[in-house]
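Asker: no sequence for this one, just the structure:
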């Protein structure tokens, strides 16, 4: 399988880059598109549709390609994958139906391929990503009973340049601000390897979530969650008129680490705060009774940790046709231009075309092997035709 990565700051630039990439007779079948909400998604989709590309698309909070960071642009990974080796599915969804819709998605994958892998993206700023992972896994039921067999799930949550208003995913002729799109790949034909890695360091003592509902945390150690975060870490909430629910960007630097038995902690970011009831509205579920710690932003040594973790999967993925990366926008907010170092070093491990975007949540496999919905994480996917 051959891959080519292209970029542009307008539909015309993308059209020109496409023509240039195909000038040697290259005929892609799939376009993985990461695009700013400032760009014309419909025009880009029409352009790709006219060339009979199948589209997997998501809006972003910044894009990157081959080690270079973009902003407000369009980046694409073009693949000439055999159409018999993949299927793209698109489902409208909601918080209430997310688990059921993901289960349907898993069943479709299972009916299409003996060993399907799922690369997914979802829109909806407030949609919790955890039910999507749980639903896909649930659809395989007893077929995953052996300890060494797991369904492969990687991906990212669409973004909107930090507006936190409306994100989009799209495919041929379809686009929605509350949906999930999946590139389902036949793992008997294409190797899909990857890892989710972080670098945020837990600090202080373990605390208990004493009241929560879904992704809303009301109290920690019986104290209002917002006050605990503000007092413990010395962060402030900015006034936004008379709004009760406010964006709490500073909290993205100080996520909660939810401790779990026998697997890595999972990170949950408080994306919004409720000034009235002093709750934190996280981007993923935080169970009542969960043991948590606060986190500090990573220092620059964390880039070395991420690169080392990515190198660790090279034993099982010696070569790569393409690299796809989903990296939380909070990492970019923390590292700034130094983020380029991480991207460059990861790409050099395989020296293959790479495309990705800064996301509002990530899907992938932790070092202990569990597939999860993550926040504040870098998720790398390595594709190689067998």
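Answerer: Yep, it's here. Since the model is a prediction, treat every value here as computed from it, not as a measurement.

Asker: so how far is residue 73 from residue 343?
Answerer: In this view, residue 343 and residue 73 are 15 Å apart by CB to CB, to the nearest Å. C-beta here means a position set from N, CA and C on the backbone, and glycine is covered the same way.

Asker: cool, and residue 256?
Answerer: Residue 256 sits at a distance of 32 Å from residue 73 (criterion: CB to CB).

Asker: Counting neighbours, go ahead and name the busier of those two.
Answerer: A count of neighbours by other CB atoms under 10 Å puts residue 256 above the other of residue 256 and residue 73, at 30 against 22.

Asker: Can you name the residues bridging to the most centrally placed residue in the chain?
Answerer: A centroid search over the chain (CA atoms, centre = their mean) returns residue 156, at 1.8 Å, as the residue closest to the centre. With DSSP bridges as the criterion, residue 156 is bridged to residue 121, residue 362.

Asker: pretty sure it contacts residue 56?
Answerer: No. The criterion here is CB atoms under 8 Å, and residue 156 misses it with residue 56 at 11.2 Å.

Asker: what do these two both touch?
Answerer: residue 121 (CB atoms under 8 Å, 6 or more residues apart in numbering).

Asker: can you pull out the strands in the stretch 251-386 of the chain?
Answerer: 256-258, 266-268, 270-274, 279-282, 291-296, 322-328, 354-359, 362-365, 371-374, 378-385 (DSSP state E, counting those that start in this stretch).

Asker: which stretch among these comes nearest residue 165?
Answerer: Closest approach to residue 165 among these is made by strand 270-274 (12.0 Å; CB to CB).

Asker: same question for the closest one, mean pLDDT?
Answerer: For strand 270-274, the mean pLDDT works out to 85.

Asker: And for stretch 56-70?
Answerer: Average pLDDT, stretch 56-70: 96.

Asker: same check, this time on stretch 342-359
Answerer: On average, stretch 342-359 scores 95.

Asker: Domain ranges for this protein, per the record?
Answerer: 3-197+300-385, 201-296 (automatic domain parsing).

Asker: angle of whichever strand in the chain runs longest against strand 291-296?
Answerer: Longest strand of the chain, by residue count under DSSP state E: strand 201-213. With axes from the mean of the first three to the mean of the last three CA atoms, to 10 degrees defining the directions, strand 201-213 sits at 130 degrees from strand 291-296.

Asker: List the strands paired with strand 201-213, with their directions.
Answerer: Strand 201-213 is paired, per DSSP bridges, with strand 216-220 (antiparallel), strand 291-296 (antiparallel).

Asker: Might you report the residue contacts of the nearest residue to residue 22 once chain neighbours are set aside?
Answerer: The shortest distance from residue 22 to any non-neighbouring residue, by CB to CB, 6 or more residues apart in numbering, is to residue 28 (7.5 Å). Going by CB under 8 Å, 6+ apart, residue 28 touches 4, 21, 22, 53, 78, 79, 80.
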